[in-house]
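*Asks:* Need a 3D model of the following:
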Amino acid sequence: MRLCISALTFAFVISWCAVLAAEPTHGSHNNSSDRRSSSTHFTVTPDYRKCASPMCGGWFVTAVNRKSMKCPDRTTQKQCYVGTNQINIPGLTDDQVNLLRQAMYDSRVLIQGELSSAVAYGLFIIDDAWISATTQAPEGKFLSVSDNGIRCITFPCLSYDAEVLNKKLMKTLAVYDLSNVNATKEQLELAQKAVFSSEGLPLAGRFFEVTGPAGNAQGVAATQFYLKLVGEKPRICMPTGCSGQLCSDTNVATTCEWKPEYDCYRSAMCTTQNNGDCGWVMDDTLTRCLANASINKLLR
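*Replies:* The predicted structure is shown next:
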């Protein structure tokens with residue numbers, strides 16, 4: 001956690017930040033999360049043209065914050081047509097799948113995924129989805145806002161990080177304002193919880209300037225925010241791979257070479273992580289074992 005302090009000396013406001021402890025704000029990510037972090041955020045609209053599927057009746061997808069993108073047919077367009085979609089979100093119930101599809105038809109969803117040319121007219125691979133709080137059309141930049149741990153005794157205080165989606169750009173904000181979205185109390189509570197999570201709160205909005213004793217800073221006024229669709233079916237995680245070196249909820253086929261570090265996983269715990277994915281519990285025993293295996297490898 002970081003603390004910002006402000007002092008008034010000789011009629012000047014002097015502010016500084018001191019790092020009190022090197023406490024991580026976000027948890028670690030496993031391979032599945034790393035793969036998602038490299039994919040793209042899209043908005044979607046249904047295709048109502050009347051012709052044979054999948055030539056028609058699919059989806060028009062737009063990469064947020066981008067003027068153009070590469071489509072499955074290898075052209076570069078502002079938006080792409082895809083005839084088929086594949087939902088890869090783990091643990092969704094039938095009702096949740098129907099909820100997602102309805103949100104796609106209503107253009108009320110923000111999707112993280114990829115476009116593929118594996119099938120005719122394109123495949124839309126859906127890894128994660130967030131549904132808008134209301135029916136208002138999103139305007140402005142698409143961001144993911146998260147708390148960065150900074151606390152101040154002055155204002156404005158740069159307490160939030162905002163990732164500009166699909167741009168890999170970061171901005172620091174003093175405030176985020178959700179009042180224009182007209183969301184319910186429950187939705188606002190879920191939004192605040194998301195801001196304090198490792199993934200942050202996706203929203204669309206416009207930047208504005210805030211002024212106070214500590215100077216000027218930026219804030220964002222949301223025109224829409226999105227709540228994540230999380231699978232309700234429990235995930236049963238298990239060791240898998242030829243040597244039991246992977247943790248997954250499905251059987252994974254791997255090559256069968258043996259590495260010393262694989263022995264560390266025999267007594268490790270494979271379970272659901274905070275982000276919903278399967279992963280190894282990196283306790284002291286497993287961390288030391290893997291470190292020793294790496295050292296021994298270097299000494300050979």
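
*Asks:* Every contact and neighbour count from this point should use C-alpha atoms.
*Replies:* Will do.

*Asks:* any idea how far the closest residue to residue 160 other than its chain neighbours is from residue 153?
*Replies:* Counting by Cα to Cα, 6 or more residues apart in numbering, residue 160 lies nearest to residue 147, which is 4.6 Å off, once chain neighbours are set aside. Relative to residue 153, residue 147 is positioned 17 Å away (criterion: Cα to Cα, to the nearest Å).

*Asks:* now residue 110
*Replies:* 36 Å.

*Asks:* for residue 66, same thing?
*Replies:* Counting by Cα to Cα, the gap from residue 66 to residue 153 is 38 Å.

*Asks:* again, but for residue 116
*Replies:* 50 Å.

*Asks:* Which one of these two is surrounded by more residues?
*Replies:* In this view residue 116 and residue 153 are compared by other Cα atoms under 10 Å, and residue 116 has more residues nearby, 18 against 13.

*Asks:* For that one, give me phi and psi.
*Replies:* phi -130, psi 150 (degrees, to the nearest 10).

*Asks:* repeat for residue 97
*Replies:* Main-chain torsions, residue 97, degrees, to the nearest 10: phi -60, psi -40.

*Asks:* what's the answer for the one 3 residues further on, then?
*Replies:* Summarising the backbone geometry of residue 100 under the convention degrees, to the nearest 10, its torsions are phi -60, psi -50.

*Asks:* quick one, what contacts it?
*Replies:* 109, 129, 131 (Cα atoms under 8 Å, 6 or more residues apart in numbering).

*Asks:* Next one, pLDDT for it please.
*Replies:* In this model, residue 100 is scored at 97, pLDDT.

*Asks:* how close does it get to residue 242?
*Replies:* Residue 100 is 36 Å from residue 242, by Cα to Cα.

*Asks:* repeat for residue 124
*Replies:* 31 Å.

*Asks:* Compare those two (neighbour count), which wins?
*Replies:* When neighbours are counted by other Cα under 10 Å, residue 124 and residue 242 differ, and residue 124 comes out ahead with 26 against 15.

*Asks:* Determine the three-state secondary structure at the closest residue to that one other than its chain neighbours.
*Replies:* Excluding its sequence neighbours, the residue lying closest to residue 124 (Cα to Cα, 6+ apart) is residue 85, at 4.4 Å. Recorded secondary structure, residue 85: strand (DSSP: H, G, I helix; E, B strand; the rest coil).

*Asks:* what secondary structure does residue 296 sit in?
*Replies:* Classified using three-state DSSP, residue 296 is helix.

*Asks:* wait, I meant residue 285
*Replies:* Quick answer, by three-state DSSP: residue 285 is helix.

*Asks:* confidence score at it?
*Replies:* 93.

*Asks:* Check residue 20 too.
*Replies:* 31.

*Asks:* One more: the one 4 residues further on?
*Replies:* According to the prediction, residue 24 has pLDDT 32.

*Asks:* So in this structure, where's the weakest helix or strand by average pLDDT?
*Replies:* Within the chain, no helix or strand scores below strand 12-19, which has a mean of 34 by mean pLDDT, DSSP states H and E.

*Asks:* Stretch 273-282: end-to-end distance?
*Replies:* 11 Å.

*Asks:* So what does the nearest residue to residue 53 once chain neighbours are set aside look like in phi/psi?
*Replies:* In space, and not counting its chain neighbours, residue 53 is closest to residue 83: 7.2 Å by Cα to Cα, 6+ apart. Its backbone dihedrals place residue 83 at phi -90, psi -20, with angles given as degrees, to the nearest 10.

*Asks:* ok, residue 83 - contacts?
*Replies:* Per Cα under 8 Å, 6+ apart, neighbours of residue 83: 53-59, 120-124.

*Asks:* ok, now residue 47?
*Replies:* By Cα under 8 Å, 6+ apart, the residues touching residue 47 are 56-60.

*Asks:* try residue 137
*Replies:* Contacts of residue 137 by Cα under 8 Å, 6+ apart are 223-224.
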